[in-house]
Each structure stands twice: as C-alpha cells, then as structure tokens.
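A.B. asks: Have a look at this prediction, sequence included:
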Amino acid sequence: MPRGLSGSGSAQYVVGVDVGSTAVKCHVYDLAAAVRGSGCRKANEAAKENNCCFGTVDTWLLYRLTKGSVFATDYSNASSTGVFEPFTKCWNPTLCNLLSIPMSIYPPVKDTSFNFGSSDSEIFGVPIPIMALVADQQSAMFGECCFHPGDVKLTMGTGGFWNVNTGGNLFASHKDLFTNVDETAKMARSIVDSQGVCFVPGFQISANDPYLCASFMGLKPTTTRNHLVRAILESVAFRNKQLFDIIVKKVHIPLHTVRADGGVSNNDFVMQMTSDLINKKIEKPSNTDMSSLGAAFLAGLASGLWTDKEQLKKLRQVETVFEPQKDMEEYKAAMDTWMQAVKCSLHW
C-alpha cells in the first residue's frame, strides 16, 4: 500500500504478504503499470523510500474509504497475519527481522471498537464515521454475545470455526498429539501389526494423479490409536522402499550406506523398517538438520575455514546405525495390502 498518508505522495505500490506455516509469499502490485509482480524486491525498495505499507483487507478498505488519510488496523485483523504477537500486542520484531520485513510498513493497531475517522465525503455524498474494524469470526462471536469467559461460538459456513472466550487468560496453541517421535515409535512397537489398517499419504505430483487423496483404509471397531500411528509410520517406510527400488532400477551404480536426516529420521521404528525393506545399512547423524550444516560446510570452504572435503568428513558424527534385521518377505503381506490401498485412493 502506498504511503502518501499526508497527501504528498502518489499511489505506487501495494504489497501483500502471505505468512504460512511453511512458506512466506510476497506479491507486489505496481499501480502505475497496473502489473502484478511476484517478488519482494520492488516492495523492499519502496519501503526504503517510505512509499510502502502493509495491511489486511480491512486496512486497505479503511485507507481507500478515507482517501489515504487513515492507515490503521485492529487487533482481530492484525492477529490473523501471523506477524502480530498477541501476548505483547505489537508486531513481532524478531519474526520481521527473520523475514527481512521492515517494521515501518505495518499499520498502528487500534481497539476493534474505535473511532477510525470518517469516509471521504466524495464517496457517499456525506462523511460517514468508521467506528469499528473487526475480523469475521471475532465479529460473529461478538454478535453471539459471547462476552463471558467460557462462552463458546461455533460457526459453520465456509468452514467450521470454534471460538472460546478465555477472559483475560491467553492460551498458546500446543500440539499435544505426541510429545516426540520416540513416543510414536513406542506406540508402533506395542502392537504386532497395524491390524490391516493402511494409511495412504498425499503423494502430490509423484503419483501422476492429481486426484489421489490421503486416507486411512481398513478401519475396524477394534482399531486403536496405536494401529493408526503404526499405519502412518509403515506408510513412510513403504514409500521409502518404492523410491529406493526406482533408484536401483534407474541409477546403474553401486549404492553404498544410506545416510538419513530430517525430523522423521529420529523415529527408530521407521528407520529400522526402512533398513529391513531396502536391505541396506542406514546411518543417522547426531545432528539431523543437514541443510543448515551443509550450508555451514560450504560457507566454511569458501571462507577458508576448511581447506578440503576430507576435513569435513572427519567432522561427521554418526549417532545410530540401523542394519537389516528382518527379511523383506516378512513385510510382503503388509506392503501388498498397502499397495492395494494406494490403488483404491487413485482417481478419488
């Protein structure tokens, strides 16, 4: 959104930032050229020139209704951006620094019920006071008169939305399904098999079927939480087997010890089952975040901290080695059932 709040600047850029759980997307709208871009470079330049603002839809509407004289938002809309810190009631400077988003582009955050000014008289013929800005679910909750702690609102429209009035107590969201990956490994080992339950993950484009869906199959009255967990973990190992077989078929070179990393590599059940299925030794390093370590290694070589790759090899620390313990035939029936479940999920 262009600055020019005092009326001295002309409209030039509108920036929209989508902060998700796995990615941050930035779109720049060049009003002068009426062209939509797909990068943050223009926005960064405009921000440095104090000619760029950030806001949700309410901010944009308020800005337009007041002909650029008011730039603000409220707590309910600010909280939906993922950049606003509800505990301190301010924009999160740490997150903004990590994302390289200048703090100067954010609007002041006001109370939801507040005198934000008036619409420009040219729009409706007379100035109309703007006395509130509010996001949809918070507005519905207020409309339901959920004013007391413990009042609950359920909206079922475009989605299902539960909201609870917690009073003056703030509650952070905690994913309490499982505390760590070791817990799921223990759950999977607590039963002899998944009792015929299969989990089909979302393969995205790798299965060449855009309609393939993630699903559980084979559920029974006797199915427990442990069966579901084991089915999920087995699906990871089965998929590893599929991909390994493709590599063996396509890559005609001897394959050595497999080195695993990433969060799932901390799950001993998945690691051991994968080792059994591919009949290969798998090494798990003490540090499973190899992306950051690899970047550090490359930077170290470029800066002269290390002189060659042999020095880097000496820094490797293997925490666990998984060696095949079961024959592939012992998994054949379970994998055949899983493959059948995958076929049933095609063209959903």
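C.D. replies: That came in fine, so what should we check first?
A.B. asks: Can you give me every residue that contacts V152?
C.D. replies: Each residue near V152 by CB atoms under 8 Å, 6 or more residues apart in numbering is listed here: C146, W162, N163, V164, N165. (Each C-beta comes from the backbone N, C-alpha and C, glycine too.)
A.B. asks: Repeat the analysis, applying 10 Å as the threshold.
C.D. replies: The contact partners of V152, taken as CB atoms under 10 Å, 6 or more residues apart in numbering, are M141, E144, C146, W162, N163, V164, N165.
A.B. asks: Now restrict those to buried residues only.
C.D. replies: M141, C146, N163 (16 or more other CB atoms under 10 Å).
A.B. asks: Show me those residues that map onto helices.
C.D. replies: Among the buried ones among the contacts of V152, the members falling in helices (DSSP state H) are M141.
A.B. asks: which non-adjacent residue is nearest A188?
C.D. replies: R230 (4.0 Å; CB to CB, 6 or more residues apart in numbering).
A.B. asks: packing partners for the longest helix along the chain?
C.D. replies: If you go by DSSP H, the chain has its longest helix at helix 225-250. Helices and strands touching helix 225-250, as assessed by 3 or more CB pairs under 10 Å, 6 or more residues apart in numbering; DSSP states H and E, comprise helix 181-189, strand 198-200, strand 215-217, helix 268-278, helix 332-345.
A.B. asks: and the angle from the last one to helix 268-278?
C.D. replies: Regarding helix 332-345 and helix 268-278, their directions subtend 100 degrees when assessed with axes from the mean of the first three to the mean of the last three CA atoms, to 10 degrees.
A.B. asks: Who are the packing partners of helix 332-345?
C.D. replies: Packed against helix 332-345, as judged by 3+ CB pairs under 10 Å, 6+ apart, are the following elements: strand 198-200, strand 215-217, helix 225-250.
A.B. asks: quick one: the second one to chain centroid distance?
C.D. replies: What it means is strand 215-217. Its chain's C-alpha centre and that of strand 215-217 lie 23 Å apart, by CA atoms, centre = their mean, to the nearest Å.
A.B. asks: Please enumerate the strands of this protein.
C.D. replies: 13-19, 24-30, 35-36, 73-74, 84-85, 90-91, 109-110, 152-156, 160-164, 198-200, 215-217, 258-259, 282-285, 318-322 (DSSP state E).
A.B. asks: now the chain, which segments are flagged as low pLDDT?
C.D. replies: Confidence mapping of the chain against pLDDT under 70 gives the ranges 1-40, 154, 156-162, 171-179, 203-209.
A.B. asks: domain parsing for it?
C.D. replies: Structural domains assigned to the chain are 13-134, 136-167, 181-345, following automatic domain parsing.
A.B. asks: Just the buried residues of stretch 68-79, please?
C.D. replies: The neighbour-count check on stretch 68-79 (16+ other CB under 10 Å) flags G68, V70, F71, A72, T73, D74, Y75, S76, N77, A78, S79 as buried.
A.B. asks: To clarify, my last question referred to stretch 336-348.
C.D. replies: Residues of stretch 336-348 classed as buried: T337, W338, A341, V342, S345 (neighbour count, 16+ other CB under 10 Å).
A.B. asks: residues contacting K89?
C.D. replies: Applying CB under 10 Å, 6+ apart, we find K89 in contact with Y75, A78, S79, V109.
A.B. asks: Out of those, which is nearest to S292?
C.D. replies: Nearest to S292 out of the contacts of K89 is S79 (CB to CB; 30.3 Å).
A.B. asks: for stretch 87-106, the distance to its chain's centre please.
C.D. replies: With CA atoms, centre = their mean as the basis, the mean position of stretch 87-106 lies at 18 Å from the chain mean.
A.B. asks: Quick one: end-to-end distance for it.
C.D. replies: With CA to CA, to the nearest Å as the measure, stretch 87-106 spans 18 Å from end to end.
A.B. asks: Distance check, K89 against D111.
C.D. replies: From K89 across to D111, the span is 11 Å (CB to CB, to the nearest Å).
A.B. asks: A135 against T59, yeah?
C.D. replies: No - using CB atoms under 10 Å, A135 makes no contact with T59, being 11.7 Å away.
A.B. asks: got the contact list for the closest residue in space to P93 that isn't next to it in sequence?
C.D. replies: Excluding the flanking residues, the one nearest P93 by CB to CB, 6+ apart is M103, at 6.2 Å. Shown in contact with M103 (CB under 10 Å, 6+ apart): A47, F54, V83, C90, W91, N92, P93, C96, N97.
A.B. asks: L95: neighbour count?
C.D. replies: By the criterion of other CB atoms under 10 Å, L95 has 15 neighbours.
A.B. asks: What distance do you get for the residue lying closest to it once chain neighbours are set aside to T112?
C.D. replies: Distance criterion CB to CB, 6+ apart; nearest residue to L95, sequence neighbours excluded, is V83 at 5.9 Å. To T112, V83 is 18 Å away according to CB to CB.
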